[in-house]
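**Q** how would this look folded up:
(one chain, ligands or ions: 2)
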Amino acid sequence: MPVTLTLNGKEQVIDADPDTPLLWVLRDTLGLTGTKFGCGVAQCGACTVHLDGTPVRSCQTYLGDVEGTSITTIEGLESPAAKAIQAAWTELDVPQCGYCQSGQIMAATALLMETPKPTDADIEAAMDGNVCRCATYARIKTAIHAAADKLEG
Ligand code: FES
Ligand code: FES
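**A** Numbers count the residues shown, from 1 in each chain. Ligands and ions are numbered 1, 2, ... in the order given. I've put the predicted structure just below:
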């Protein structure tokens, strides 16, 4: 049965097996390849998207579970928090290989939307499940603080 959802602000009707992981729908059916496949078992964060504003792992979220929800991917991020995060990422040269970074940006944006002035501990807790094999963690933390300062200022 087709599933109706809002994707990056636009209603979409998707005719696929409801047991299909959302990540597959985004990448293979809709061509939104900014969301990455890392582990497939909710352990790395590369596939992070927002479901009604909350970060979720799209590799372990199924199409049948997102009927009527609002999904945002890296391609649709446009809140002030998202813009501040993306600007800080660029200014501080956060990415190395880049593979994990859309997931990192999705998690960081959700954090700032919920907690506009996060502490180091807030950042560590929110970003804990987002793995970076290039170990860009220190730059990620600096960039989140920089984005929070920019939003505040
Ligand atoms: S691919 Fe989804 S958490 Fe790793
Ligand atoms: S920048 Fe390479 S895995 Fe994070």
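**Q** CA only for contacts and neighbour counts going forward, please
**A** Fine.
**Q** The spatially most central residue of the chain in helix, strand or coil?
**A** Nearest to the mean C-alpha position of the chain, counting by Cα atoms, centre = their mean, stands Met106 at 2.5 Å. What DSSP: H, G, I helix; E, B strand; the rest coil gives for Met106 is helix.
**Q** Contacts only, for it.
**A** Going by Cα atoms under 8 Å, 6 or more residues apart in numbering, Met106 touches Thr48, Val49, His50, Pro55, Thr73, Ile74.
**Q** quick one, strands of the protein?
**A** Under the criterion DSSP state E, the chain contains strands at 3-7, 10-14, 48-51, 54-57, 70-72.
**Q** Centre of the chain to stretch 103-114, how far?
**A** In terms of Cα atoms, centre = their mean, to the nearest Å, the centre of stretch 103-114 is set 7 Å apart from its chain centre.
**Q** okay, that stretch in PDB with CA atoms only?
**A** The C-alpha trace of stretch 103-114 is given here as PDB (Å, rounded to 0.1, in the frame of the first residue of the first chain):
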ATOM      1  CA  GLY A 103      24.900  12.400   9.400                       C
ATOM      2  CA  GLN A 104      27.000  14.600  11.700                       C
ATOM      3  CA  ILE A 105      25.300  17.700  10.400                       C
ATOM      4  CA  MET A 106      21.900  16.300  10.800                       C
ATOM      5  CA  ALA A 107      22.600  15.300  14.400                       C
ATOM      6  CA  ALA A 108      24.300  18.700  15.200                       C
ATOM      7  CA  THR A 109      21.400  20.600  13.700                       C
ATOM      8  CA  ALA A 110      18.800  18.600  15.800                       C
ATOM      9  CA  LEU A 111      20.900  19.400  18.900                       C
ATOM     10  CA  LEU A 112      20.900  23.100  18.300                       C
ATOM     11  CA  MET A 113      17.200  23.100  17.500                       C
ATOM     12  CA  GLU A 114      16.600  21.500  20.900                       C
END
